[in-house]
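[1] Requesting a structural model of the entry that follows:
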Amino acid sequence: MQHVSVFQRIKRSATWSAMCKKLGTLKFRVVLVAVGSSLVTGLISTTYVTQETQKEAMRQLVHQQSDDVEVIAGVLGSKVEQIQRVLRLLGQGIRSETLGSPAQLKAFLAADSEALRYFDTIQIAQLDGKLVANRSLGKPLQLDDITAAQREVIERTFKARSGLVSPPIKIAKDDVPLVVFTMPLIGSDGRLFGVVAGGLKLHGQGLLPTSLDVAGSFESTLVVYNRSGTVLFHSDPRFQLQHVSNLPGLAQMHQAWLDDGANIMAESRTQVDDRHIVSTAGMPAPQWLVARITPKQVALAPMKAVERRSWLITGSTMAVCAALAALLIVRMTNPIVQLRNRAALIHADTLAPHAGWPQAGGEIGELTAALRAAAIERSRLPAQQAMVEQLRAILNYAPVGIFMARNSRLELIGKQACHMLGYDTDELIGNHTASIFGSQEAFVELQESMALQLSADGFFDTEMLLHRKDGSEFWAHVVARSISVDSEELSHIWIFEDITLARRAQEALAWKATHDPLTRLVNRREFEARLTHALTTVYPPVSERLALMFIDLDYFKEVNDGAGHAAGDAVLLRVAHVLEAYAGSGDTVCRLGGDEFAVILTGSTARRAKLTAEKIRAAIFALRSEFPEHAFQLSASIGFVVLDASFENVAAALSAADKACYDAKRGGRNCVVEHLARLV
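    The predicted structure is shown next:
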């Protein structure tokens, strides 16, 4: 038994020695280095690409969320402006004598006007603060039946002499809070004689409907709050009327905003922390802010899923390639084993120890060097193939269009890019990049701007038109990066996505923000912007100066009262057509509001402005014959002023034209008056 035990130990020792000998052979070391380098290269490349793709996805999400809050803030801001216009229109119907006459006030409140029906509550106060009217949902209330908060916002309006928007006010314990809009009542002499206040339910269709949140694919939260931090709207009603300090993510951003000066700007700002992506945009008029809060983990979930699939595919590919490399190297190194065995046999044949193996050079040295070079060269092939396969996998699974170009020739292109462009992969590979960008000339211009931005920022980012195979075009957001900065061959990776629908929506919103929806003329805000630009431009010669014209329709109220608002709208449309017919291609025609219009005449002398105004006056006077089914008077009082260097700002120009129009009204209407103060 003792001899058997010794024999087994000797056998195990011999087995271990043989194993160690094999592990120390050149064959094993070559296999180990090849497999390790393949795995390390694949891991580094996959990590880099997935991280860069995740960064780009995050940037796209931030950009989309920033645009989202800007659009919602713009829509809500327009709604607040509409409410203020309705309240201003209501205030225009109130005169100082109306507040002093109970009969006139009662008649005014009894009128079935859209402005009165627009608000849930209406209050009218005199200059001394005494309330003369108090209505709720069209029904009269006791004059003292208002809250201290309602009275306080009315008193602040007297002091400010301008319209205000209140924070949410609770009228009763279980009622929906009201937001009160106020407007000062100012007479024709410029004196303040009262205040009109209109209240709207905070969460009604008139202000903040429950359908306001259109979050999209992510589980994001929409919040509307005022500058004091009170939540006016929240996707979860439990948080409404709470303070933003109770909202994770938004609380930190709100505090940073307060520390930064608390300026409400229409442009969006975005903050990304470890848990949330928060974007805000302001509405300057009501001093409100819109915020979108997206959990970062939820936003990146689709990208994480793609990353996991990429790692699974890459890991499988690397394992297969590593195993294949190991088998190939083992087979390649078999001649070395055979040579070693042969050398051992030669040594056994009493060959001297120092006579067989050359230390450097000779046939064995050359063969060893050749085999080593072949093994190293072949070991690189699986790693390179793994990189190509992983790039193809990423290109095929990417949700955006991606292609790689070398010296302006397409080398790799993803499935999404082919789908967006309408090509098969084989149709694009090897083509010039200009085939996507429309023409060689357009591509040359693109290369020039791209070279400047790449040298300055390290990437190229733009929006442009791309061309499909069938010749159609679509707007795309394009990002390009250089991937061979030190190479003699210029290579880039391009990423693009279709933004045609988003761009059309932005253009529609931009048009609505600058035009009157009824007449399709420019609105007051756009008109004042153009007039400001004209006044800040260096003044041209006298023969090319601008003229500003105000048109106020006479007896238009009788048209609405007698023929109805539909007829009134038809008249306004015909008047708009008349103004456009007599205005030149470089002139600006605007509907200021109600029955008031304005025109900027370019290259106009006083004689041409007066002649144009007379033609417009006569054409408007002739409109009565176009409505034979309704008998009403219609004419226009027109005032104009030729702008020169004496008008330093928009307010002075508007005041001069308005005064001339008022003089035309006072002079009997249906006439044209020129403002002559410039001659003094």
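
[2] Surely residue 554 and residue 624 touch.
    No. Between residue 554 and residue 624 there is no contact under C-beta atoms under 8 Å: 11.5 Å. For the C-beta atoms, the positions are set from N, CA and C on the backbone; glycine is no exception.

[3] pLDDT averaged over the longest helix seen in the chain - what is it?
    Identified as the longest helix of the chain according to DSSP state H is helix 26-92. Mean per-residue pLDDT for helix 26-92: 81.

[4] How far off centre is it?
    The chain centre lies 13 Å from the centre of helix 26-92; the measure is C-alpha atoms, centre = their mean, to the nearest Å.

[5] helices or strands up against the helix or strand just after that helix?
    Downstream of helix 26-92, the first helix or strand assigned by DSSP states H and E is helix 96-100. In terms of contacts (3 or more C-beta pairs under 8 Å, 6 or more residues apart in numbering; DSSP states H and E), helix 96-100 is packed against helix 102-110, strand 192-201.

[6] Columns mean neighbour count, mean pLDDT and distance to residue 443 on top of those, output as a markdown table?
    A markdown table is the format used below for those (neighbours: other C-beta atoms under 10 Å; pLDDT from 0 to 100; distance: least, C-beta to C-beta, whole Å):
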| stretch | mean neighbour count | mean pLDDT | distance to residue 443 |
| --- | --- | --- | --- |
| helix 102-110 | 13 | 82 | 67 |
| strand 192-201 | 23 | 90 | 54 |
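
[7] coming back round to it: which of residue 554 and residue 624 has more residues huddled nearby?
    residue 554 (20 against 16; other C-beta atoms under 10 Å).

[8] What's opposite that one in the beta bridge?
    Judged by DSSP bridges, the bridge partners of residue 554 are residue 635.

[9] tell me, what's touching residue 554 and residue 624 both at once?
    Taking C-beta atoms under 8 Å, 6 or more residues apart in numbering as the criterion, residue 554 and residue 624 both touch 633, 634.

[10] Nearest approach to residue 259 belongs to which of the helices and strands packed on helix 96-100?
    Of all these, strand 192-201 sits nearest to residue 259, with 32.5 Å by C-beta to C-beta.

[11] contacting residues for residue 122?
    Residues 90, 109, 116, 133, 134, 135, 196, 197, 198, 199 are the ones in contact with residue 122 under the rule C-beta under 8 Å, 6+ apart.

[12] Mind giving me the packing neighbours of the host helix or strand of residue 310?
    Residue 310 is part of helix 301-332, with elements assigned from DSSP H and E. If you count contacts as 3+ C-beta pairs under 8 Å, 6+ apart, helix 301-332 packs onto helix 26-92, helix 362-397.

[13] buried stuff in it?
    For helix 301-332, the neighbour count (16 or more other C-beta atoms under 10 Å) marks 303, 306-307, 310, 313-314, 317-318, 321-322, 325-326, 328-329, 332 as buried.

[14] Going by distance to residue 603, which of those wins?
    The closest of the buried residues of helix 301-332, once distances to residue 603 are taken by C-beta to C-beta, is residue 303, at 57.1 Å.

[15] That closest one is in contact with residue 56, isn't it?
    No. Residue 303 is beyond contact range of residue 56, at 9.5 Å (criterion: C-beta under 8 Å).

[16] What residues of stretch 405-420 count as buried?
    Using 16+ other C-beta under 10 Å as the test for burial, stretch 405-420 gives 405, 406, 410, 412, 413, 414, 416, 417, 418, 420.

[17] phi, psi of the fifth one?
    Here the main-chain torsion angles of residue 413 (degrees, to the nearest 10) amount to phi -150, psi 140.

[18] just the second one next, same as before
    Dihedral angles phi and psi of residue 406 (degrees, to the nearest 10) take the values phi -120, psi 120.

[19] And for the nearest residue to it once chain neighbours are set aside, the neighbour number?
    Excluding the flanking residues, the one nearest residue 406 by C-beta to C-beta, 6 or more residues apart in numbering is residue 491, at 4.6 Å. By other C-beta under 10 Å, the residues close to residue 491 number 17.

[20] Before we move on, what's the pLDDT of residue 491?
    74.

[21] what about residue 611, helix or strand, and which?
    Per DSSP H and E: helix 606-621 holds residue 611.

[22] With just CA atoms, put that helix into CSV.
    Listed in CSV are the C-alpha atoms of helix 606-621, where the atom choice follows Å, rounded to 0.1, in the frame of the first residue of the first chain:
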residue,chain,number,x,y,z
ALA,A,606,-46.9,113.5,-47.0
ARG,A,607,-48.6,113.9,-50.4
ARG,A,608,-48.5,110.1,-51.2
ALA,A,609,-49.6,109.2,-47.6
LYS,A,610,-52.6,111.6,-47.9
LEU,A,611,-53.5,110.3,-51.4
THR,A,612,-53.4,106.7,-50.1
ALA,A,613,-55.4,107.6,-47.0
GLU,A,614,-58.1,109.2,-49.1
LYS,A,615,-58.4,106.2,-51.4
ILE,A,616,-58.7,103.9,-48.3
ARG,A,617,-61.4,106.2,-46.8
ALA,A,618,-63.4,106.2,-50.0
ALA,A,619,-63.1,102.5,-50.4
ILE,A,620,-64.3,101.8,-46.8
PHE,A,621,-67.2,104.3,-47.3
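
[23] Pull the residues that contact that helix.
    Outside helix 606-621, the residues that touch it by C-beta under 8 Å, 6+ apart are 547, 549, 551, 553, 575, 578-579, 581-583, 601, 604, 634-636, 638, 640, 642, 670-672, 674.

[24] Buried only: go through these for me.
    Neighbour-count burial (16+ other C-beta under 10 Å) applied to those gives 547, 549, 551, 553, 575, 578-579, 582-583, 601, 604, 634-636, 638, 640, 642, 670-672, 674.

[25] So which of the residues you listed sit within strands?
    The members of these that map onto strands under DSSP state E are 547, 549, 551, 553, 601, 635, 636, 638, 640, 642, 672, 674.

[26] picking that back up, could you redo the contacts of residue 122 as a markdown table and give each row distance to residue 70?
    Output for the contacts of residue 122, formatted as a markdown table (distance: C-beta to C-beta, whole Å):
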| residue | distance to residue 70 |
| --- | --- |
| 90 | 31 |
| 109 | 40 |
| 116 | 34 |
| 133 | 39 |
| 134 | 38 |
| 135 | 37 |
| 196 | 32 |
| 197 | 30 |
| 198 | 27 |
| 199 | 28 |
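
[27] of the residues you listed, closest to residue 453?
    Lowest distance from residue 453 to the contacts of residue 122 (C-beta to C-beta) belongs to residue 198, with 50.5 Å.

[28] For the closest one, which non-adjacent residue is spatially closest?
    Nearest to residue 198 is residue 119, by C-beta to C-beta, 6+ apart, at 3.6 Å.

[29] List the contacts of that neighbour.
    Residues in contact with residue 119 (C-beta under 8 Å, 6+ apart) are 86, 87, 181, 198, 199, 200.

[30] Only C-alpha atoms, please: export stretch 247-267 in CSV.
    Extracted in CSV, the C-alpha atoms of stretch 247-267 (Å, rounded to 0.1, in the frame of the first residue of the first chain):
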residue,chain,number,x,y,z
LEU,A,247,-41.5,69.0,-5.5
PRO,A,248,-38.3,67.0,-5.9
GLY,A,249,-36.0,68.4,-8.6
LEU,A,250,-38.0,71.6,-9.1
ALA,A,251,-37.3,72.8,-5.6
GLN,A,252,-33.6,73.0,-6.2
MET,A,253,-34.0,74.7,-9.6
HIS,A,254,-36.5,77.2,-8.1
GLN,A,255,-34.0,78.1,-5.3
ALA,A,256,-31.2,78.5,-7.9
TRP,A,257,-33.5,80.8,-9.9
LEU,A,258,-34.2,82.9,-6.9
ASP,A,259,-30.5,83.2,-6.1
ASP,A,260,-29.9,84.2,-9.8
GLY,A,261,-32.2,87.3,-9.6
ALA,A,262,-35.6,85.7,-10.2
ASN,A,263,-35.9,87.2,-13.7
ILE,A,264,-38.8,85.6,-15.7
MET,A,265,-37.7,85.1,-19.3
ALA,A,266,-39.5,83.4,-22.2
GLU,A,267,-36.3,81.4,-23.0
